[in-house]
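Asker: this one's structure only:
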C-alpha cells in the first residue's frame, strides 16, 4: 500500500517570495495555483505581515468578499508536513484540510491548505486573493525581521464561531 502524495497549497508566508518559505524549502515546488473554492482572505500588518483564509458565516462582514486564493503547490514528505503542522499550530490555530486547486496550466489537484477562523475584525481584506499583492518586503525589513526568522503563532489567540 503506497502513500498518497502530500501536496500543500501555501498562500502566505511560506510562498517562494516570503519569509517563512524556509519551512518547506526541502519540499519539491510544483507550481502556482489558485483555489477552486473561494475563501475570505484577510491580512494583518503587525507584528508581521500574515494572511489568513477561511470560510465566514453569512452574518459576518466578510461574507461576499470570498475570492479564489492564489498560491504555490509544494510536494512534502510526511515528516515535513508534520513539522509544518506544528509550526502552523494545527489543529488549534490553523486547521489543515484538503481542497481542490487549479494549477496555472489548468490541471486540477487536491492539496492540503491551512484555514483560519477569519472574521471582519481580524484583519483587512486582501481583495485580490494574492498575498504577493499585499505583502511589502520593505515593511518586513522595517519591522526588524530577517528572512531566516520564522513566526511562531502559538502566542496568539483568535475567536472561534
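Answerer: Structure received. Predicted model only: the values in this text are computed from it and were never measured.
Asker: which residues are in contact with the helix or strand of the chain with the lowest mean pLDDT?
Answerer: When each helix and strand of the chain is scored by mean pLDDT, DSSP states H and E, helix 137-142 comes last, with a mean of 88. Here helix 137-142 makes contact (C-beta atoms under 8 Å, 6 or more residues apart in numbering) with 17, 19, 45, 48-49. In this view, the C-beta of every residue, glycine as well, is placed from N, C-alpha and C.
Asker: Repeat that for stretch 103-114.
Answerer: By C-beta under 8 Å, 6+ apart, stretch 103-114 touches 6-11, 30-33, 35-36, 53, 73, 81, 88, 90, 94-102.
Asker: Next one, pLDDT for residue 146 please.
Answerer: Residue 146 carries a pLDDT value of 59.
Asker: Buried residues of the least confident helix or strand of the chain, list them for me.
Answerer: residue 140 (16 or more other C-beta atoms under 10 Å).
Asker: circling back: format the contacts of helix 137-142 as CSV; extra columns: pLDDT, distance to residue 121 and neighbour count.
Answerer: CSV is the format used below for the contacts of helix 137-142 (pLDDT from 0 to 100; distance: C-beta to C-beta, whole Å; neighbours: other C-beta atoms under 10 Å):
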residue, pLDDT, distance to residue 121, neighbour count
17, 92, 28, 11
19, 88, 25, 22
45, 91, 15, 14
48, 87, 19, 16
49, 92, 18, 22
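Asker: Next, format the residues you listed as a markdown table and append secondary structure.
Answerer: Formatted as a markdown table, these follow (DSSP: H, G, I helix; E, B strand; the rest coil):
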| residue | secondary structure |
| --- | --- |
| 17 | coil |
| 19 | coil |
| 45 | coil |
| 48 | coil |
| 49 | coil |
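Asker: what is residue 31 paired to in the beta sheet?
Answerer: residue 73 (DSSP bridges).
Asker: what sits against it?
Answerer: Residue 31 touches 72-73, 103-105, counting by C-beta under 8 Å, 6+ apart.
Asker: cool, and residue 27?
Answerer: 8, 74-77, 80.
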